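1. just need the structure, nothing else, for what follows:
(chains A and B)
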Number of protein chains: 2
Amino acid sequence: MCAECPPSFPPPGTKADLEEGDILSPRFGADGLITAVTSDVETGDLLMVAHMNSEALWKTVETGEAHYWSRSRKALWHKGDTSGQIQTVVEMRIDCDQDAVWLKVKVGGDGGSCHTGRKTCFYRAIPTGGAPGSVRLEPRDAERLRPAFG
Amino acid sequence: MCAECPPSFPPPGTKADLEEGDILSPRFGADGLITAVTSDVETGDLLMVAHMNSEALWKTVETGEAHYWSRSRKALWHKGDTSGQIQTVVEMRIDCDQDAVWLKVKVGGDGGSCHTGRKTCFYRAIPTGGAPGSVRLEPRDAERLRPAFG
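-> Numbering: from 1, shown residues only, chains lettered A, B, ... in the order given. Just a heads-up that it's a prediction; the model follows:
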């Protein structure tokens, strides 16, 4: 799979082990991935939702910098490698059933995390309470820091 | 699919439509689901990561209360229906490629969101910088508000 194979994680144990234990045994899906949610450690704002395979998770734990699995490029993705938008992990957590991780990060470079050139990927609100067919997205934190990466 | 079929969302358009348009056209995966990330509107803390099918998304938009798709029960899940932990949506956003939503919520009842009886599903930290095999999860915000639901 990789030139320098990372250590594998122990296989998930019982429900009690998963939920109450201190062993990191992530439950990768059929596609080999878990969900990674990344937020700004200072504001709490969500920056992006991405995915990690075993190697990406291990590299993140080992280096303290966010690594993901790019589903489009089918490759390990050290976020910020080319853009400078390195995400330094201040705290990392795992959820009850160990199929999602939460990264609280500081972002390097221009401070952006979205390929559209914005700080966050979540730059549009969905108004609630609307009638069918009337929903129109509304911009929120939609200013661009740089042009889109394409 | 459902007794009172919800309106369907318009199919995803071009990349530009998805990223820069004001039309909500969620990209459900092969399993018919998108990722839903829910945080506490006051603290910014992540509470849970779950999934929504078309109906769950529509009900959430329509009612302003979080609805998910329970993958274990294969059923629409109005969060808090039995526990009282209703999640009232203060703001809802969608990401750049429209395959993930972010809900900022106020939680009713005892204020918990995790089936283990805790406020958040993310009650364990993964220390970074550790050597292979030495990672041990550490409790964070791990106090129980109530016994586990099982």
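2. for A:Met1, report the pLDDT, please.
-> As predicted, A:Met1 sits at a pLDDT of 49.
3. SS state for the residue of chain A found nearest chain B?
-> Of all residues in chain A, A:Gly44 sits closest to chain B, at 1.8 Å by Cβ to the nearest Cβ. Just so you know, the C-beta spots here come from the backbone N, C-alpha and C atoms, and that holds for glycine as well. Counting by DSSP: H, G, I helix; E, B strand; the rest coil, the backbone at A:Gly44 sits in coil.
4. which parts of the longest helix anywhere in chain A are buried?
-> Secondary structure assigned by DSSP state H gives helix A:54-63 as the longest helix of chain A. Under the neighbour-count criterion of 16 or more other Cβ atoms under 10 Å in any protein chain shown, helix A:54-63 has A:54-62 buried.
5. now the helices: where do they sit in chain A?
-> A:15-20, A:54-63.
6. output these as JSON lines; include the columns mean pLDDT and distance to B:Phe28.
-> Below are the helices of chain A laid out as JSON lines (pLDDT from 0 to 100; distance: least, Cβ to Cβ, whole Å):
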{"stretch": "helix A:15-20", "mean pLDDT": "96", "distance to B:Phe28": "27"}
{"stretch": "helix A:54-63", "mean pLDDT": "95", "distance to B:Phe28": "24"}
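7. closest one to B:Leu103 among those?
-> Closest approach to B:Leu103 among the helices of chain A (Cβ to Cβ): helix A:15-20, 23.1 Å.
8. residues in contact with that closest one?
-> Helix A:15-20 has contacts (Cβ atoms under 8 Å, 6 or more residues apart in numbering or on different chains) with A:12, A:23, A:25, A:27, A:96-98, B:116, B:148.
9. equivalent analysis for stretch A:122-138, please.
-> Residues contacting stretch A:122-138 (Cβ under 8 Å, 6+ apart): A:45-47, A:114, A:116, A:139-142, B:6-7, B:21-24, B:58, B:60-64, B:89, B:91-96, B:101-102.
10. hmm, try it at 6 Å
-> Contacts of stretch A:122-138 from elsewhere in the structure, counted by Cβ atoms under 6 Å, 6 or more residues apart in numbering or on different chains, are A:46, A:140-142, B:7, B:22, B:24, B:61, B:64, B:89, B:91-95, B:102.
11. quote the end-to-end distance of it.
-> 11 Å (Cα to Cα, to the nearest Å).
12. starting at the chain centroid, how far to the longest helix of chain A?
-> 12 Å (Cα atoms, centre = their mean, to the nearest Å).
13. repeat for stretch A:112-120
-> 13 Å.
14. repeat that for stretch A:92-100.
-> With Cα atoms, centre = their mean, you get 12 Å for stretch A:92-100.
15. likewise for stretch A:134-146?
-> 21 Å.
16. and it, what's buried?
-> Quick answer for stretch A:134-146 (16+ other Cβ under 10 Å): A:135, A:137, A:142.
17. closest to B:Gln85 out of the contacts of helix A:15-20?
-> B:Thr116 (12.6 Å).
18. any idea how far chain A is from that closest one?
-> 5 Å (Cβ to the nearest Cβ, to the nearest Å).
19. is chain B contacted by the longest helix of chain A?
-> Yes. Residues of helix A:54-63 contacting chain B under Cβ under 6 Å from any Cβ of the partner chain: A:Val61.
20. okay, now the closest residue to A:Phe149 other than its chain neighbours: neighbour count?
-> Closest residue in space to A:Phe149, ignoring its immediate chain neighbours: A:His115 at 4.5 Å, by Cβ to Cβ, 6 or more residues apart in numbering or on different chains. When counting by other Cβ atoms under 10 Å in any protein chain shown, one arrives at 16 neighbours for A:His115.
21. measure A:His115 to B:Ile94 for me?
-> Distance of A:His115 to B:Ile94, given as Cβ to Cβ, to the nearest Å: 15 Å.
22. before we move on, the earlier item: what sits against the residue of chain A closest to chain B?
-> B:Gly44.
23. for chain A, which residues are neighbours of chain B?
-> Residues of chain A lying near chain B (Cβ under 6 Å from any Cβ): A:7, A:19, A:22, A:24, A:35, A:37, A:44, A:46, A:49, A:61, A:64, A:89, A:91-96, A:100, A:102, A:114, A:116, A:121-122, A:124-126, A:128-129, A:132, A:135-137.
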